[in-house]
Every structure is written in structure tokens, then in C-alpha cells.
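Visitor: what would the 3D arrangement of this be:
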Amino acid sequence: MERALLQNVLYVDDEPHIREIVAMALNLSGDLSVQTCDSGSQALALMREQRPDLVLLDVMMPDMDGPATLARMRADAALASIPVVFMTAKAMPHEISGFLQIGAIGVIAKPFDPMRLADQVLQMWERLADAG
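Guide: Coordinates of the predicted model:
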């Protein structure tokens with residue numbers, strides 16, 4: 001089954017200025033619709049309503065961190081198949097490996113280059129489609 005084009009992205013981060021930069025950077029591609037929210041619990045509710053194609057998820061957030069949010073997604077049949085990319089300053093090789101082992105399709109290190117972000121996200125999406 002071929003995966004559809006990437007159109008709808010949800011970015012979850014508790015830092016408002018980072019959310020704004022990510023949204024602006026992804027909107028530069030012209031092809032993506034970007035929603036943002038500030039917590040894992042808000043993200044779960046939004047995902048149920050809007051079914052994003054891909055979720056970009058901050059790792060370190062208060063209340064429910066990124067890995068806990070991913071675990072809740074995987075336990076919910078309606079959300080389990082939505083791909084997740086972590087965006088984090090925790091980008092040492094062993095940390096990246098851990099994030100991939102719990103089900104992320106990729107990791108984007110913070111600080112990220114806003115001019116390259118859309119390309120990075122699209123490359124991960126294409127790798128996922130190629131893996132089929």
C-alpha cells in the first residue's frame with residue numbers, strides 16, 4: 001500500500017516560540033498544513049479530531065512527555081498508525097536509538113535549521129513510504 005502525500009502535520013511542544021518557528025518553517029514548503037499544540041494530552045485530543053498524517057513531538061514536556069504521548073498513541077487503535085518524529089535536544093546516538101526502538105520513525109535534533117526542516121520532515125516521510 002502506497003502512503004499518501006504528506007499534507008497535515010501536528011507539532012507538539014510546550015515552548016510557544018519553538019511552535020511558531022516550526023510552523024513557519026514547515027509552511028515555507030507551501031504544501032503542508034501545520035497544526036500546533038502545547039501538550040501531549042492536547043495532542044491526543046487533536047489527533048482524534050483531525051487525524052494528522054504525521055506528528056512531530058517534543059521529547060521534554062511537563063505532565064506528559066513525548067515518549068509517554070507516543071505510548072498512549074500506540075495503545076489507542078485510532079491513533080496507533082500515525083507516524084511520529086521526535087524533535088529533541090536529546091540527540092546522542094543511544095538516545096536516538098531508544099526513540100526509534102519505542103516507535104518513532106525518526107529524530108530531528110534541536111536546535112534545528114528552520115530552512116532545512118521541511119526537507120528533513122519530507123525525507124523521513126518518503127523513507128517511511130519507501131519502507132512500505
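Visitor: what are the boundaries of the helices in this protein?
Guide: Assigned by DSSP state H, the chain shows helices spanning 16-27, 40-50, 66-74, 93-101, 114-131.
Visitor: residues of the third one that come out buried?
Guide: In this case it means helix 66-74. Neighbour-count burial for helix 66-74, counted by 16 or more other CB atoms under 10 Å, picks out 66-67, 69-70, 72-73. C-beta here means a position set from N, CA and C on the backbone, and glycine is covered the same way.
Visitor: over to the last one?
Guide: Judged by neighbour count using 16+ other CB under 10 Å, the buried positions of helix 114-131 are 117-118, 120-122, 124-125, 128.
Visitor: pLDDT (mean, whole number) over that helix?
Guide: Averaged across helix 114-131, the pLDDT comes to 92.
Visitor: re earlier: which among the helices of the chain is found nearest to Val85?
Guide: Across the helices of the chain, Val85 has its closest neighbour in helix 114-131 (5.6 Å, CB to CB).
Visitor: for the closest one, name the packing helices and strands.
Guide: helix 16-27, strand 54-58, strand 106-109 (3 or more CB pairs under 8 Å, 6 or more residues apart in numbering; DSSP states H and E).
Visitor: the last one packs against which elements?
Guide: Contact analysis of strand 106-109 by 3+ CB pairs under 8 Å, 6+ apart lists strand 84-88, helix 93-101, helix 114-131 as its packing neighbours.
Visitor: how far off centre is it?
Guide: 9 Å (CA atoms, centre = their mean, to the nearest Å).
Visitor: and for that strand, what's in contact with it?
Guide: Residues from elsewhere that reach strand 106-109 (CB atoms under 8 Å, 6 or more residues apart in numbering): 56, 85-89, 91, 95-96, 99-100, 117, 120-121, 124, 127.
Visitor: can you tell me which residues contact Asn70?
Guide: Actually, residue 70 is Leu rather than Asn. Taking CB under 8 Å, 6+ apart as the test, what Leu70 contacts is 57, 84, 102-104.
Visitor: top of those residues by number of neighbours, please.
Guide: When neighbours are counted by other CB atoms under 10 Å, Leu57 leads those with 25 neighbours.
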